[in-house]
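S.K.: only geometry, no sequence info:
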């Protein structure tokens, strides 16, 4: 109830235009090695790449009206596969990152989908 009250009282400061994703792969930031160069460790590259896939997946889910409480592990895996990210295999860490990004989108009363 407090969340809905805050959303009513605070005008949205960030607007995310709601539009259906076009068929195929949605645009993603470049992979970690292209951004940070060859000195990046494997763990750093994995963390960066997992974060970019999770954030893009969370935004797509948020746009489509999905809520965090309604999503099972299988549904999150299906969302990653449906978006056809290259080399992406859903893992526990990826699902946790998607849930964290989606929770931020849901919790912030200044973000709205128009």
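M.R.: On my side now, so go ahead. These numbers were taken from a predicted model, which means no experiment stands behind them.
S.K.: please make it C-alpha for all contacts and neighbour counts, starting now.
M.R.: Noted.
S.K.: from the middle of its chain, how far away would whichever strand or helix holds residue 105 be?
M.R.: In this assignment (DSSP states H and E), residue 105 forms part of helix 92-107. Its chain's C-alpha centre and that of helix 92-107 lie 7 Å apart, by Cα atoms, centre = their mean, to the nearest Å.
S.K.: any idea of the mean pLDDT for it?
M.R.: Mean per-residue pLDDT for helix 92-107: 92.
S.K.: stretch 41-50 too?
M.R.: 89.
S.K.: before we move on, the earlier item: flag every buried residue along the helix holding residue 105.
M.R.: 94-95, 97-103, 105-106 (16 or more other Cα atoms under 10 Å).
S.K.: now stretch 76-83
M.R.: Here stretch 76-83 shows 76-77, 79-80, 83 as buried, counting by 16+ other Cα under 10 Å.
S.K.: of the buried residues of helix 92-107, closest to residue 64?
M.R.: Proximity of the buried residues of helix 92-107 to residue 64 was ranked by Cα to Cα; the top entry is residue 102 with 11.8 Å.
S.K.: now residue 32: closest residue in space that isn't a chain neighbour?
M.R.: Closest residue to residue 32 apart from its sequence neighbours, by Cα to Cα, 6 or more residues apart in numbering: residue 45 at 5.3 Å.
S.K.: I'd like the buried residues of helix 92-107 as JSON lines, with distance to residue 88 appended.
M.R.: Below are the buried residues of helix 92-107 laid out as JSON lines (distance: Cα to Cα, whole Å):
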{"residue": "94", "distance to residue 88": "9"}
{"residue": "95", "distance to residue 88": "12"}
{"residue": "97", "distance to residue 88": "13"}
{"residue": "98", "distance to residue 88": "13"}
{"residue": "99", "distance to residue 88": "16"}
{"residue": "100", "distance to residue 88": "18"}
{"residue": "101", "distance to residue 88": "17"}
{"residue": "102", "distance to residue 88": "18"}
{"residue": "103", "distance to residue 88": "21"}
{"residue": "105", "distance to residue 88": "22"}
{"residue": "106", "distance to residue 88": "24"}
